[in-house]
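Peer 1: below: sequence and its predicted model.
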Amino acid sequence: SDTAAPLAAVRSFAGGKFGKHLVCDMRLPGPRKAGRILALGHSDTVWPLGTLREMPFRKADGRLYGPGVYDMKAGIVFFLFAVRALRELDIGVRSRVLLQLNSDEEVGSASSRALTEKHASSSRAVLVLEPGTGATGRLKTARKGVGGFRMVVHGKASHAGVNSEAGASAVVELARQINRIAALAQPKRGITVNPGVISGGTRSNVVAAEAWAEIDIRVMRERDGAALEKQFRALRPFDKRCSIEISGGLNRPPMERSAGGVRLFRMARKLAAELGVDLEESLSGGGSDGNFTAALGIPTLDGLGAVGEGAHAANEHILMGRMADRTALLAKLLAAL
């Protein structure tokens, strides 16, 4: 094939202040008449501008370090090299392959979700290029749903010493609500509730007129997310002089383990065995754009990117020794699907 030709026809879509989303129609040999495969990735990282000055890209001890190298620049590079290999070896593919790179995944995918769902809904399968799990790079056949709530408590201010009884402390009310909220967690069912940020009051000698909390929630099943949201909306103040505002909800639906996702994993495991790699599957407590596609009922396999560790951390890195087999696995999957 013509190796000088572009790998894809690229379209861009507005992503607001986070840049553009890219949709790449990969130019691959073969009949490409068996439907479409969607590969998903994201171009953003959690790191602020300027991080490279303090945390430069580097190579050491068989590892590549740098902001976003694991989550998830490497997965994008592996995919592009897999496509390039298929072209150079003139290996035909059965399906049309679309690569979508979102620019806002790390901040909730608000502007890219509709685009993701549009392309996924007309695809046979979705391959997510997020990094694998653990030291062996386990693939992800399930992910927890992710959401969050903000609780604002309005009380009544008064002087803490002169007439404290005339006030209604929003801080005290929030403290009581936090205990109630934390009790909603059911770890054995995969339901976690974390009141992670709280704030309130103005001075220690003032009965607080306002306090607030931000709460992270994770669920294994969509029905658990709906039930949890109902419980949050039903919260009422202990002190009737206070009022409560609740906002938020489930941002990413769970990627529940499904027959279609497991079929993709078994195919990947068989292909990996041909490369001398024993693949395993896993559940992740974090979300990805694959949550959206799986919730549509589209077979989705996640974690096909790099092997390494340190996502969102200063030690973020990938293992150089696993770059080749992960790239080869992607190429084999694209050819087989």
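Peer 2: Happy to help now that I have it.

Peer 1: pretty sure Leu330 is in a helix, no?
Peer 2: Yes - under DSSP: H, G, I helix; E, B strand; the rest coil, Leu330 falls within a helix.

Peer 1: now for it, how many residues are close by?
Peer 2: Neighbour count of Leu330, defined by other C-beta atoms under 10 Å: 26. Where you see a C-beta, it was placed from the backbone N, CA and C, and this is true even at glycine.

Peer 1: any idea how many residues pack against the residue nearest to it when sequence neighbours are not counted?
Peer 2: Nearest non-adjacent residue to Leu330, counting by C-beta to C-beta, 6 or more residues apart in numbering: Ala82, 3.9 Å away. Using other C-beta under 10 Å, Ala82 has 24 neighbouring residues.

Peer 1: any idea how far Ala82 lies from Leu99?
Peer 2: 11 Å (C-beta to C-beta, to the nearest Å).

Peer 1: which residues of this structure fall in helices?
Peer 2: In the chain, the helices defined using DSSP state H lie at 51-54, 74-88, 113-121, 170-182, 222-233, 259-273, 290-295, 323-336.

Peer 1: buried residues in the third one?
Peer 2: Within helix 113-121, the residues that qualify as buried are 113, 115-116, 119-120, counting by 16 or more other C-beta atoms under 10 Å.

Peer 1: Serialize those residues to CSV and add fields for pLDDT and distance to Ser164.
Peer 2: Listed next are the buried residues of helix 113-121 as CSV, based on pLDDT from 0 to 100; distance: C-beta to C-beta, whole Å:
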residue, pLDDT, distance to Ser164
Arg113, 98, 48
Leu115, 98, 54
Thr116, 99, 53
His119, 98, 59
Ala120, 99, 56
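
Peer 1: a markdown table for these, including distance to Gly16?
Peer 2: Below are those laid out as a markdown table (distance: C-beta to C-beta, whole Å):
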| residue | distance to Gly16 |
| --- | --- |
| Arg113 | 12 |
| Leu115 | 12 |
| Thr116 | 15 |
| His119 | 19 |
| Ala120 | 21 |
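
Peer 1: quick check, nearest of these to Glu280?
Peer 2: Closest approach between those and Glu280, by C-beta to C-beta: Ala120, at 25.1 Å.

Peer 1: tell me the contacts of the closest one?
Peer 2: 38, 126, 292-293, 296, 298 (C-beta atoms under 8 Å, 6 or more residues apart in numbering).

Peer 1: same question, Ile37
Peer 2: 95-98, 123-127, 334, 337.

Peer 1: and it, how far from Lys270?
Peer 2: Ile37 is 17 Å from Lys270, by C-beta to C-beta.

Peer 1: so Gly132 makes contact with Gly303?
Peer 2: Yes - at 4.4 Å, Gly132 counts as touching Gly303 under the criterion of C-beta atoms under 8 Å.

Peer 1: okay, the two: which has more neighbours?
Peer 2: Gly303 (29 against 25).

Peer 1: and the pLDDT for the more buried one?
Peer 2: Gly303 is assigned a pLDDT of 99 by the prediction.

Peer 1: count of neighbours near Phe238?
Peer 2: The burial count for Phe238: 13, using other C-beta under 10 Å.

Peer 1: pretty sure it contacts Glu173?
Peer 2: Yes - using C-beta under 8 Å, Phe238 is in contact with Glu173, at 6.2 Å.

Peer 1: so how far is stretch 16-28 from its chain's centroid?
Peer 2: 18 Å (C-alpha atoms, centre = their mean, to the nearest Å).

Peer 1: cool, stretch 252-267 as well?
Peer 2: That offset, for stretch 252-267, works out to 15 Å (C-alpha atoms, centre = their mean).

Peer 1: outside of that stretch, which residues touch it?
Peer 2: By C-beta under 8 Å, 6+ apart, stretch 252-267 touches 108-109, 125, 127, 139-147, 219-222, 224-225, 279, 281, 283, 287-288, 290-292, 294-295, 297-302, 333, 336-337.
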